[in-house]
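# mind folding the following:
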Amino acid sequence: MNNLPLPRVCVGLITYNSMRDLPAVILGLELQDYPSLQVIILDNVSQDDSVKFIQDHAAFAKLIVNSVNVGFARGHNQILAEAQLGPNDYYLALNADLVLSSNYVTQLLGSLCKNGADWGIGKLYQMDEQGRPTRQLYSTGHAMLRGGYALNIGKGLEDVGQFDEGREVFGAPGAAVLISQKLIAAVALDGELFDADMFFYSEDTDLDWRARLQGFKCWYEPTAVAYHRGSPRESLNAQGLGNRYLSVIKNAFLLDLFTYNVPLIVFHCVLRLIITPKRGWLMTQKVIANASRMWHKRSKPVVTRGYMLNWFQWGTWQLSDQPITTRDRLVSFWRKLKGR
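Numbering: from 1, shown residues only. I've put the predicted structure just below:
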């Protein structure tokens with residue numbers, strides 16, 4: 001970092017009935033070897049002993065206790081307002097069910113600075129239901145397809161060294177993403193780093209898209225290791241599916257939006273209304289109710305449409321156990337229906 005003063009890194013951790021995970025995540029924060037670290041924990045009205053545990057075992061952290069559950073996006077925006085980052089600082093958004101290796105911040109921040117990137121992610125492994133580490137990957141970064149479908153690169157695959165090289169990726173999952181204040185200042189209009197209309201799900205891929213449109217670079221660093229407990233085969237609920245398409249309305253180039261994305265959104269909503277009426281109705285409601293708000297959040301991109309199309313094409317080449325092609329996704333959807 002060229003012998004300049006170390007940037008301050010603020011870690012933002014949101015808890016909600018998180019007692020199962022708190023001992024491990026807090027220990028991971030205590031053991032970080034990065035010397036200029038600030039930790040802010042926001043609790044979203046936990047009904048278990050999360051707040052008491054934090055008070056008793058995380059004296060190094062500032063604790064915010066909300067009176068209402070504001071969700072993931074608003075929670076992180078609230079932490080950022082409290083943190084008051086300086087122009088050279090960074091923000092690490094952290095999930096409560098994720099454990100950092102002791103050099104995660106040091107390795108990831110050093111790699112971002114070396115490679116001229118403004119946000120990034122390390123190598124995230126899956127933990128099993130008992131909280132034990134495995135060699136199964138959770139994510140080595142995000143890829144994005146033209147229709148707004150995003151995938152965690154490497155998800156569900158055994159790590160055999162296929163992701164041991166650092167590289168540029170489309171974006172980064174919100175589980176342990178490190179973001180520069182420079183990026184935050186450019187995309188967080190009205191204090192919204194994460195879109196406040198997305199209570200939960202897809203707010204991280206929405207940030208990916210907005211950051212890419214403004215020309216920022218995301219980096220995957222394999223020497224920064226962390227472990228995530230989330231289910232190995234998570235599926236988006238109706239809210240997540242709705243958020244995906246709201247992000248499309250906000251971020252897609254107009255030519256793609258009206259010739260490709262809108263027909264796809266209508267097709268998907270109709271298909272869901274026929275096959276899974278309850279989920280389809282909730283998804284359709286969310287899109288209709290918020291489409292106008294998303295339209296007014298559109299911003300002028302600094303990159304070309306061709307630049308984005310190249311990234312969408314890149315996404316189709318990535319390795320993951322998530323279905324990538326439209327055909328594979330339809331087959332996966334049908335199998336899930338038959339398995340009910």
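# in this protein, what helix or strand scores lowest on average pLDDT?
helix 326-338 (a mean of 61; mean pLDDT, DSSP states H and E).
# let's verify the nearest residue to P35 once chain neighbours are set aside: helix, strand, or coil?
Once flanking residues are discounted, P35 sits nearest to L6: 6.5 Å by Cβ to Cβ, 6 or more residues apart in numbering. Glycine gets a C-beta too; all of them are placed from N, C-alpha and C. Applying DSSP: H, G, I helix; E, B strand; the rest coil to L6 yields a three-state assignment of coil.
# list the contacts of L6.
Y34, P35, S36 (Cβ atoms under 8 Å, 6 or more residues apart in numbering).
# let's have those residues in JSON lines, adding neighbour count.
Shown next, in JSON lines, are the contacts of L6 (neighbours: other Cβ atoms under 10 Å):
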{"residue": "Y34", "neighbour count": "20"}
{"residue": "P35", "neighbour count": "9"}
{"residue": "S36", "neighbour count": "14"}
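# ok, so of the residues you listed, who is nearest S202?
Y34 (29.4 Å; Cβ to Cβ).
# which strand or helix spans the closest one?
For Y34, there is no host helix or strand (DSSP states H and E).
# is it true that it touches S102?
No: with contact defined as Cβ atoms under 8 Å, Y34 does not reach S102; the gap is 9.2 Å.
# before we move on, back to that, reformat the contacts of L6 as a markdown table; add pLDDT and distance to R244.
Putting the contacts of L6 into a markdown table (pLDDT from 0 to 100; distance: Cβ to Cβ, whole Å) gives the following:
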| residue | pLDDT | distance to R244 |
| --- | --- | --- |
| Y34 | 96 | 34 |
| P35 | 93 | 39 |
| S36 | 93 | 36 |
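# closest one of these to I275?
Distances from I275 to the contacts of L6, taken by Cβ to Cβ, are shortest for Y34, at 48.4 Å.
# in space, what's closest to that closest one - neighbours in sequence excluded?
V105 (4.0 Å).
# now the one you found, what's its secondary structure?
helix.
# that one: neighbour count?
Residues near V105, counting by other Cβ atoms under 10 Å, number 25.
# and the pLDDT at the nearest residue to S67 once chain neighbours are set aside?
Setting aside the residues directly before and after it, S67 is nearest to V45 in space (Cβ to Cβ, 6+ apart), at 6.9 Å. Note on V45: pLDDT of 93.
# and for V45, the neighbour number?
For V45, using other Cβ under 10 Å, the count is 15.
# list the contacts of it.
Counting by Cβ under 8 Å, 6+ apart, V45 touches Y16, N66, S67, V68, N69.
# among those, who's most crowded?
For the contacts of V45, neighbours tallied by other Cβ under 10 Å; top is Y16, 19 neighbours.
# quick one: contacts for the residue nearest to that residue when sequence neighbours are not counted?
Closest residue to Y16 apart from its sequence neighbours, by Cβ to Cβ, 6+ apart: N44 at 4.3 Å. N44 sits next to I14, T15, Y16, N66, V68, N69, V70, G71, G75 when contact means Cβ under 8 Å, 6+ apart.
# ditto for Q47
So Q47 contacts N17 (Cβ under 8 Å, 6+ apart).
# how about the helices in this protein?
Here the chain has its helices, by DSSP state H, at 22-30, 50-57, 71-83, 104-115, 181-187, 203-213, 238-251, 254-256, 262-275, 277-296, 305-315, 326-338.
# neighbours of V70, how many?
18.
# biggest strand in this structure by residues?
Longest strand in the chain, counting residues (DSSP state E): strand 218-228.
# show me what that strand pairs with in its sheet, parallel or antiparallel.
Paired neighbours of strand 218-228 in the sheet (DSSP bridges): strand 98-100 (antiparallel), strand 119-127 (parallel), strand 167-169 (antiparallel).
# could you dump the contacts of L6 into a markdown table and include distance to D118?
Below are these laid out as a markdown table (distance: Cβ to Cβ, whole Å):
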| residue | distance to D118 |
| --- | --- |
| Y34 | 18 |
| P35 | 22 |
| S36 | 18 |
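# for N261, state which of those residues is nearest.
The closest of the contacts of L6, once distances to N261 are taken by Cβ to Cβ, is Y34, at 40.5 Å.
# which ones are touching the closest one?
L6, V9, N103, V105, T106, L109.
# contacts only, for the fourth one.
Which is V105. V9, V11, Q32, D33, Y34, L37, L92, L178, A224.
# now the second one, which residues is it bridged with?
Applying DSSP bridges to V11 yields these beta-bridge partners: V39, L92.
# tell me where the model's unsure across this protein.
Filtered on pLDDT under 70, the chain yields the residue ranges 1-4, 231-238, 325-340.
# V287 and F53, how far apart?
Separation of V287 from F53 (Cβ to Cβ, to the nearest Å): 39 Å.
# more crowded one of the two?
V287 (22 against 17).
# what about the closest residue to Y90 other than its chain neighbours, neighbour count?
Closest residue in space to Y90, ignoring its immediate chain neighbours: V9 at 4.7 Å, by Cβ to Cβ, 6+ apart. Per other Cβ under 10 Å, the neighbour tally for V9 reads 22.
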